[in-house]
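J.: task: produce atomic coordinates for the following.
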Amino acid sequence: MTQNGNFKRRVRARAAKTGESYTTALMHVRRSSSNDLKPEAKSVRLAVAQTTVYDDPRNIAALSASGLEMRRLMRQAHEAGARLVHFPEGATCSPSKRIMSSNGPEKVGPSDWGRYEWTVLREELEATRKLARQLELWTIVGSVHQLTPPHRPHNSLYVISDRGEVVTRYDERMLSNTKVSFMYTPGSSPVTFEVDGVRFGCALGMETHFPEIFIEYERLAVDCVLFSTTGGSSPNDLAFAAETQGHAASNRYWISFSVLARNGLTAPSGIVAPGGQWIAQCAADGAPSIAVVDINDNPGDIARSWRRTAREGIYEPHLVDNDQRSHSRDIF
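T.: Below you'll find the model as predicted:
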């Protein structure tokens, strides 16, 4: 108790001296108390995938082909020593809004989910789950998640553990106008999970357009965000990839960018380091493939801890109010 009380007094003393918040002072005192010894980094070998576009959920052969392709890439990831493989949005099938439209295909309207071959989808997901257990490979799969009618399904990411269990599911929250108007039920919560001490978060669809999603995951102390998307809709649409680099750099964590393989429409799947650089990317020709990188929790990243400190109001004591010279038109 005495030792704990002394520690708290040190924190309060630093906060009073520097004007820092208690949380910031606590961080600095803990750092000095550890004699500047850096904790050992935790690492995970991550494989990111890009897969063929399948957009007709009525096509049984295509649904089966998507499952076979995913499982082939899972085996490749396992052979490369990966602990986790990350697939795109709609890796099982990304239903076309026109194919699903009850008013279509000429006019986009409410989706008729009775057209989906749900039984085949469940069979392919079950085969994928069993292989994840066999390979002891964490597997993140983009899929439609059926809800009880008349509720529309979620657009989701299944998180399958190395024991073959669906441990959690992320549902896309920030849906496009078409998705929320005609296709899906939005999700409501962030999702995090850990593999070998490395903490992951999930994002989906067009959510890279919303920085608040990625800021939220920084506050939740993730080490890597798994972002799955179908990619852009126009030729050479690099917005999602560029935004991914920006979020990685500004939040100082890894981002895995997994996209459907559409040569010439978007950047290939890849993994971005906390500094914002691509560390590895899949085949540039749009072929189904994986890229593998060892990522870590980067415990010695001073930039990330400083940015947290900077957001806590440390600048207020240094501001100057009512400086007439600073408001003068004559700056000299």
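
J.: per-residue confidence for S328?
T.: Here the pLDDT value assigned to S328 is 54.

J.: actually, M1.
T.: 43.

J.: check K17 too.
T.: For K17, the pLDDT comes out at 73.

J.: again with S111
T.: pLDDT, S111: 95.

J.: got the phi and psi for it?
T.: phi -70, psi 140 (degrees, to the nearest 10).

J.: correct me if wrong: T229 contacts G205.
T.: Yes - taking contacts as CB atoms under 8 Å, T229 lies within contact range of G205: 6.0 Å. Glycine gets a C-beta too; all of them are placed from N, C-alpha and C.

J.: mutual contacts of these two, please.
T.: Listed contacts common to T229 and G205 are E89; contacts here mean CB atoms under 8 Å, 6 or more residues apart in numbering.

J.: can you count the residues close to E123?
T.: 15 (other CB atoms under 10 Å).

J.: grab the nearest non-local neighbour of it.
T.: Closest residue to E123 in three dimensions, ignoring its sequence neighbours and counting by CB to CB, 6 or more residues apart in numbering: G67, at 7.8 Å.

J.: how about G232?
T.: T266 (4.6 Å).

J.: go on, F227?
T.: F227 sits nearest to A203 (CB to CB, 6+ apart), 4.5 Å away.

J.: in which helix or strand would I find that neighbour?
T.: Secondary structure from DSSP states H and E places A203 in strand 198-204.

J.: direction included, what does that strand pair up with?
T.: Sheet partners assigned to strand 198-204 using DSSP bridges are listed as strand 192-195 (antiparallel), strand 224-229 (parallel).

J.: tell me which helix or strand comes right after the longest helix that the chain contains.
T.: Assignment by DSSP state H gives helix 60-79 as the longest helix of the chain. Downstream of helix 60-79, the first helix or strand assigned by DSSP H and E is strand 84-86.

J.: tell me which other helices or strands that next one touches.
T.: strand 43-50, helix 60-79, strand 138-145 (3 or more CB pairs under 8 Å, 6 or more residues apart in numbering; DSSP states H and E).

J.: with distance to G164 added, can I get the ones you listed in TSV?
T.: Listed next are the helices and strands packed on strand 84-86 as TSV, based on distance: least, CB to CB, whole Å:
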stretch	distance to G164
strand 43-50	17
helix 60-79	12
strand 138-145	9
